[in-house]
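J.: Predicted model follows, preceded by the sequence.
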Amino acid sequence: MFLLAAMAIMASSAASAQESCSGECQELGYKPYPYNFIQLQGGVGTTFTDVRFTDLISPTASLGIGRMFFPAVGARLHVNAWESKGGFKTTGDPLTYKFNYVTTDLDLMVNLSNIFSKKHRHLLDVYLIGGVGLNYAWNNDEYNELLATYPSSVVYDTELAWGEGTSRKTLLNHNLRAGLMADLNIAKHWSVGLEIDANSLDDRFNSKHNNSDDWMVTAQLGITYKFGFKKVAKKAEPAPVPVAPKPEPKPVVKPAPVPVPVPKVVDEPLEETIFYDIRQSTPNPDDIIKKVVEWAKKHPDQTITVVGYADKGTGNPTINQKYSQQRAESVAQTLKAQGVPESQLKVEYKGDTVQPFNENDKNRCTIVAGKTK
């Protein structure tokens, strides 16, 4: 009762301190509180006595209907039922017996997530639960069979348990509950959760007397359907402020285009000579090649003539013809590698039939020439 009182004080304080959820509600499109719910749960339960609690695990199921009145405060009517167990210690395995029960509780639910957060809608809600109710137990035949089968040193009789004498058919007693539930919101109307409750029942609940309340703990997984949310009317958009029309811009008078002077084509003929040592055919001076490439780019419509020569003072006409050909073709290949198109090149080779210079050694050369129109 002290726990319930503390929960009620805390819940009422939280309810009075709730802030408006205008911004959050506008975003959601509805008010997350208040709402109604229906809850289905299933799991296991066990009682705590002189037998190990693991030997007394039994199936249990629950149905709950309720309402969350405020973001932090709600209540439900909760019915939990199915099966429970009691038992006696022996030298071997314990002797256990089953019976049925149903517990109806009125529970107070306090949403701890909403107490400690300004938001009203969370992915995970954590509830503190406390309640009071009645427990009704029946079908205690297995206990009576143990009494008839085993000696009193093993299975002892309790005259007042579940009625007097040998009746022992049913039992109606109180139930006090405290629990905790973690609830995962998977959609607007649906959530799944895990609830663990500790229930304090009459000493006679498990058919045995020990001068203290019997404790039953349940752990259940459940699904909850939530309904009855209130819609939120969307705020009207503010009327647009009239904007004064902008004055028409004055026409811009564009100045007459200034004629672009046509650059004059300067007549710059090309004539470069590459000299070779005896029996050499590879062009060596890069600066001459560079000049020819630049001239070809400036005059893409002009033909460049590449003519190879050999000196008459050495070798013979056949060898000299070969050297002049190699010299001319080597220069042409170098120019093409530098970007001069093949269509712009004209390659010739004279051997030693033509001597462009009076000095014999200078005639080992390639002359590159081009004219502008």
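T.: Structure's in. What do you need?
J.: element containing the residue lying closest to Phe227 once chain neighbours are set aside?
T.: Counting by C-beta to C-beta, 6 or more residues apart in numbering, Asn36 is the residue found nearest to Phe227 once chain neighbours are left out, at 5.6 Å. (Glycine included, C-beta is placed from N, CA and C.) Counting by DSSP states H and E, the element that carries Asn36 is strand 35-48.
J.: Report the next helix or strand after that strand in sequence order.
T.: Using DSSP H and E, the helix or strand that follows strand 35-48 in sequence is strand 58-68.
J.: Contacts made by that next one with the rest, please.
T.: Residues outside strand 58-68 that contact it (C-beta atoms under 8 Å, 6 or more residues apart in numbering) are 33-46, 74-85, 98, 107, 109, 111, 218, 220, 222, 228.
J.: Pull out the buried residues from that strand.
T.: For strand 58-68, the neighbour count (16 or more other C-beta atoms under 10 Å) marks Ser58, Thr60, Ala61, Ser62, Gly64, Gly66, Arg67, Met68 as buried.
J.: Could you pull up phi and psi at the closest residue to Val44 other than its chain neighbours?
T.: Nearest non-adjacent residue to Val44, counting by C-beta to C-beta, 6+ apart: Ile57, 5.2 Å away. In terms of degrees, to the nearest 10, the main-chain angles of Ile57 are phi -70, psi 130.
J.: pLDDT score for Ile57?
T.: pLDDT recorded at Ile57 is 97.
J.: do the one 4 residues further on as well
T.: Reading off the confidence values, Ala61 has pLDDT 98.
J.: could you list every residue that touches the spatially most central residue of the chain?
T.: Geometric centre of the chain, nearest residue: Leu123, 15.5 Å, by C-alpha atoms, centre = their mean. Leu123 makes contact with Leu184, Asn185 under the criterion C-beta under 8 Å, 6+ apart.
J.: What segments of this structure are strands?
T.: For the chain, the strands defined by DSSP state E cover 30-31, 35-48, 58-68, 73-88, 95-111, 124-138, 170-185, 190-201, 214-227, 230-231, 270-275, 304-309, 345-351, 365-370.
J.: Including distance to Ala328, could those go into CSV?
T.: Below are the strands of the chain laid out as CSV (distance: least, C-beta to C-beta, whole Å):
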stretch, distance to Ala328
strand 30-31, 91
strand 35-48, 97
strand 58-68, 100
strand 73-88, 102
strand 95-111, 97
strand 124-138, 88
strand 170-185, 88
strand 190-201, 90
strand 214-227, 94
strand 230-231, 93
strand 270-275, 10
strand 304-309, 3
strand 345-351, 5
strand 365-370, 6
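J.: Can you check which of those strands gets nearest to Leu146?
T.: strand 95-111 (5.7 Å; C-beta to C-beta).
J.: Compute the inter-axis angle for the closest one and strand 58-68.
T.: Calculated by axes from the mean of the first three to the mean of the last three C-alpha atoms, to 10 degrees, strand 95-111 forms an angle of 20 degrees with strand 58-68.
J.: Point out the most buried one among the strands of the chain.
T.: The highest mean neighbour count among the strands of the chain, using mean count of other C-beta atoms under 10 Å, belongs to strand 304-309: a mean of 23.
J.: all helices for the stretch 251-373 of the chain, in order.
T.: For the stretch 251-373 of the chain, applying DSSP state H, counting those that start in this stretch gives helices covering 286-298, 317-337.
J.: can you give me the end-to-end distance of stretch 200-210?
T.: 14 Å (C-alpha to C-alpha, to the nearest Å).
J.: So for it, mean pLDDT?
T.: Mean predicted lDDT for stretch 200-210 stands at 86.
J.: Going forward, count from 92.
T.: OK, 92 is where the count begins now, so the last one is stretch 291-301.
J.: So for it, what gets flagged as buried?
T.: Buried residues in stretch 291-301 (16+ other C-beta under 10 Å): Leu292, Asp293, Asp294, Arg295, Phe296, Asn297, Ser298, Lys299.
J.: can you list the residues that contact it?
T.: Residues contacting stretch 291-301 (C-beta under 8 Å, 6+ apart): 138, 140-141, 175-177, 188, 190, 192, 226, 228, 231, 234, 247, 249, 251-253, 259, 262, 264-268, 302-307.
J.: Contact partners for Gly114?
T.: Listed by C-beta under 8 Å, 6+ apart, Gly114 has no contact partners.
J.: any idea how far Leu131 is from the residue nearest to the centre of the chain?
T.: Plainly put, Leu214 is 21 Å away from Leu131 if you go by C-beta to C-beta, to the nearest Å.
J.: Then Asn202?
T.: From Asn202 over to Leu131 the distance is 20 Å, taken as C-beta to C-beta.
J.: go on, Pro338?
T.: 72 Å.
J.: Over to Pro185?
T.: Taking C-beta to C-beta, one finds Pro185 at 32 Å from Leu131.
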